[in-house]
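> predicted coordinates and the sequence they were generated for:
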Amino acid sequence: MSGGPTVTEVTESGAARPLLRAGRMAWAALGIAGLLVVAWLVVSQLAFVVVPLLLALFAAALLAPIVAALSLLRVPRPLGALLALVVALAAAAGVFALVVPSFMAQLPALVESLTRAAGELDELLRRLPFVSQDTNVREIAQQVLAQLSGAGGLRSLLGSAANVLAGLVLLAVVLFFYLAQGQWLVSSVTGQLPSPRREQADELVDRLWHTLGTYFRALIVVALVDAVLIGSGLALLGVPLALPLAVLVFLGGFFPYVGATVSGLLAALVALAESGLGTALAVLVLVLAVQQLEGNVIQPLVMGKLVKLPAFVVLLAIAVGATLLGVLGAFLAVPAAACIARVAGFLREQRAAVTA
């Protein structure tokens, strides 16, 4: 009559289940970490190929609606992809011709203003009781610039002119194939899975593609609105070099929170050097007001809740991405985090559907 488990055995088995689950989760976490390390090693060794592949995804997500609209008009996808690519290149060339020459012409004056602002900031900091009299913002800035221009900085990022040109050509070719044959590329991968898994994989890819496209298009809109508002405010306040500062604000918009903060501080420093402390404080108020408008009005309107991430997650992702891959990693960090959040949400939905 002793064939069944005793009360003690049942209790011990129940107590062991949380440990078993924790052990499985720990092994899973180690496996995921190992895969991430291997992926990072592959990316770092094959950066010349991987970087254009990744950057082309963002451009493809931006141009995909144009190709889809042309397809509805019975335009073949290869021709629609070519037309979208030509329009994008023409638009980029137009913006380059309008903005870059003026920016480069005012760049020496911007550097001179920042240098004077660093000296004035030194004087302000030395008046504070808890700041050392040896504080020198200019030397700190020079050290940062030296690191950026050293062997591990911009030169390693950009490489030689030939490598940059080859990378741009590869990016354009990859972008064309993404737009023309993106569905075939996805189906050729997901088609290797069993039928139920294939449907789930297709749905997940659609969600990730929608997330990526929404994020990048919204990011451009947010960065453009920030640049227009802050640039107009700088012009109204009489701050010189409003155009190059607005361009920096636009570029900083592609690095959420961090880029806006840095570009806003640069604008305040220029105002400090050219117009005094009062104007610099007004610029800080302007930047903070625009950032509040962006976070509470603009981003919810253009992004909604699709890629909503807490500020802490965004900052942590940017820090990790910058540590691993520099400027490129900081740029890719937030969309990668948004896609990971979408994958986690999809897996939760699948588990809920199974247990329902």
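Structure's in. What do you need?
> once you drop chain neighbours, what's closest to V247?
F103 (5.2 Å; Cβ to Cβ, 6 or more residues apart in numbering). The way it works is simple: take the backbone N, C-alpha and C, and place the C-beta from them, glycine included.
> give me the element the one you found is part of.
Applying DSSP states H and E as the criterion places F103 in helix 77-126.
> likewise F346?
helix 311-355.
> quick one on the thing from earlier: so how far is the helix holding F103 off the chain centroid?
18 Å (Cα atoms, centre = their mean, to the nearest Å).
> and the residue lying closest to V320 once chain neighbours are set aside, how many neighbours?
Using Cβ to Cβ, 6+ apart and skipping the chain neighbours, the partner closest in space to V320 is A333 (6.5 Å). As a burial measure, A333 scores 25 neighbours (other Cβ atoms under 10 Å).
> contact partners for A333?
Residues near A333 by Cβ atoms under 8 Å, 6 or more residues apart in numbering: 317-318, 320-322.
> nearest to V343 among those?
Within the contacts of A333, proximity to V343 (Cβ to Cβ) peaks at A317, which comes in at 14.5 Å.
> list the contacts for that closest one?
Counting by Cβ under 8 Å, 6+ apart, A317 has contacts 309, 333-334, 336-337.
> and the helix holding F103, what's its mean pLDDT?
Helix 77-126 carries an average pLDDT of 77.
> again with stretch 198-209
Per-residue pLDDT over stretch 198-209 has a mean of 82.
> what is the burial count for L63?
L63: 21 neighbours (other Cβ under 10 Å).
> how about it: what's its closest non-neighbour residue?
If the residues on either side of it in the chain are set aside, L63 comes closest to A84, at 4.5 Å by Cβ to Cβ, 6+ apart.
> my read: that neighbour touches L62, true?
No. The pair A84 / L62 is not scored as a contact, 9.3 Å apart, by Cβ atoms under 8 Å.
> contacts only, for the spatially closest residue to P52 that is not a sequence neighbour.
In this structure, P52 finds its nearest non-sequential neighbour in L171, 4.0 Å apart by Cβ to Cβ, 6+ apart. By Cβ under 8 Å, 6+ apart, the residues touching L171 are 52, 55-56, 59.
> which of these fall in strands?
Using DSSP state E, no member of the contacts of L171 sits in strands.
> and those residues, which is closest to F255?
Distances from F255 to the contacts of L171, taken by Cβ to Cβ, are shortest for L55, at 15.1 Å.
> identify the residues contacting that closest one.
L55 sits in contact with L171, where contact means Cβ under 8 Å, 6+ apart.
> look up how far P78 lies from it.
To P78, L55 is 21 Å away according to Cβ to Cβ, to the nearest Å.
> distance to V287 and pLDDT added to the contacts of A317, as JSON lines?
Listed next are the contacts of A317 as JSON lines, based on distance: Cβ to Cβ, whole Å; pLDDT from 0 to 100:
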{"residue": "L309", "distance to V287": "22", "pLDDT": "73"}
{"residue": "A333", "distance to V287": "23", "pLDDT": "82"}
{"residue": "V334", "distance to V287": "20", "pLDDT": "82"}
{"residue": "A336", "distance to V287": "27", "pLDDT": "84"}
{"residue": "A337", "distance to V287": "25", "pLDDT": "84"}
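> can you redo the residues you listed as a markdown table with distance to V270?
Converted to a markdown table, the contacts of A317 look like this (distance: Cβ to Cβ, whole Å):
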| residue | distance to V270 |
| --- | --- |
| L309 | 31 |
| A333 | 28 |
| V334 | 27 |
| A336 | 33 |
| A337 | 32 |
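> for the nearest residue to G80 once chain neighbours are set aside, list the residues it contacts.
Leaving out its chain neighbours, the residue that sits closest to G80 by Cβ to Cβ, 6+ apart is L70, at 3.6 Å. Each residue near L70 by Cβ under 8 Å, 6+ apart is listed here: 79-80, 83-84.
> cool, G34 as well?
So G34 contacts nothing (Cβ under 8 Å, 6+ apart).
> which strand or helix spans it?
helix 7-45.
> related to what we said a few turns ago, report the two of the contacts of L70 separated the most.
Farthest pair in the contacts of L70 (Cβ to Cβ) is L79 and A84. Separation: 9.7 Å.
> which one is L83 nearest to, not counting chain neighbours?
Excluding the flanking residues, the one nearest L83 by Cβ to Cβ, 6+ apart is L70, at 6.6 Å.
> from I220, how far off is the one you found?
When distance is defined by Cβ to Cβ, L70 is 21 Å away from I220.
> burial check on the residue nearest to L63, number of neighbours?
25.
> and it, what is it in contact with?
A84 neighbours (Cβ under 8 Å, 6+ apart): 63, 66-67, 70, 179.
> filter these down to the ones in helices?
63, 66-67, 70, 179 (DSSP state H).
> just the closest of these to G23, please.
L179 (45.8 Å).
> my guess is the closest one meets P76, correct?
No. With contact defined as Cβ under 8 Å, L179 does not reach P76; the gap is 11.8 Å.
> who's more crowded, those two?
Neighbour count, other Cβ under 10 Å: between L179 and P76, L179 has more, with 25 against 11.
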